[in-house]
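Asks: predicted model and sequence below, questions to follow.
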Amino acid sequence: MNNDQELRVQLMRMLTARQAHMDFEDAVADFPNDAINTRPPNCDYTFWHLLEHMRISQKDILDYIQSDHYTWPNWPDDYWPDQASVTDPAGWHQTIVAFLSDRQALAAIVNDPAVDLFAPLPNSGEHRHNILREINIVASHNSYHTGELGILRGVMGLWGERR
């Protein structure tokens, strides 16, 4: 395996594999419907807000990579749902499906040998951001919040019998 292939394998593992931490699928598995709009202690957001934040942030990076006419969202307002918003089990599921779909789109970019992971993105200007950087950011962000979701589930006693 050459270095380019190995880099792509490692990036894929960062995005999708359980390595030294819980993966996204485990963190959301069997989540109790009656808790999706619950705010854990000392949190300004609900479980669904956290999940939706992950989806929005990942989608933003996907858009940044793919769009020649990307516009920067406002932080933090555009990265979190309104604090008063709630969802139902269908909305919770929709957020998960959209998150996984966007993650798969990022994985397809990483796996495409025609994609130069080091080329500056068109919208990055003087920063010269590249796909490698963005994949590292999204993988780190997802890992951080997946861990947070798992810990908050534990704090709230929402793991059920499996933990």
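Replies: Received the coordinates, thanks. For clarity, every value in this text was computed on a predicted model and none was experimentally measured. Residues are numbered from 1 along each chain as shown.
Asks: switch to C-alpha atoms for all contacts and neighbour counts from now on
Replies: Fine.
Asks: can you pull the contacts of Glu126?
Replies: If a contact means Cα atoms under 8 Å, 6 or more residues apart in numbering, then Glu126 has no contacts.
Asks: tell me the pLDDT of it.
Replies: Glu126 carries a pLDDT score of 86 in this model.
Asks: hmm, who's touching the top helix by length along the chain?
Replies: In the chain, with assignment by DSSP state H, the single longest helix is helix 131-155. Contact with helix 131-155 is made by 11, 14-15, 21-24, 27, 40, 47, 50, 54, 57-58, 61, 65, 106, 116-121, 159, as judged by Cα under 8 Å, 6+ apart.
Asks: cool, and stretch 86-94?
Replies: For stretch 86-94, the surrounding residues in contact (Cα under 8 Å, 6+ apart) are 33, 36-37, 48.
Asks: let me see the mean pLDDT of it.
Replies: For stretch 86-94, mean pLDDT rounds to 98.
Asks: stretch 140-156 now?
Replies: The pLDDT scores in stretch 140-156 average 96.
Asks: swap in stretch 14-24?
Replies: 82.
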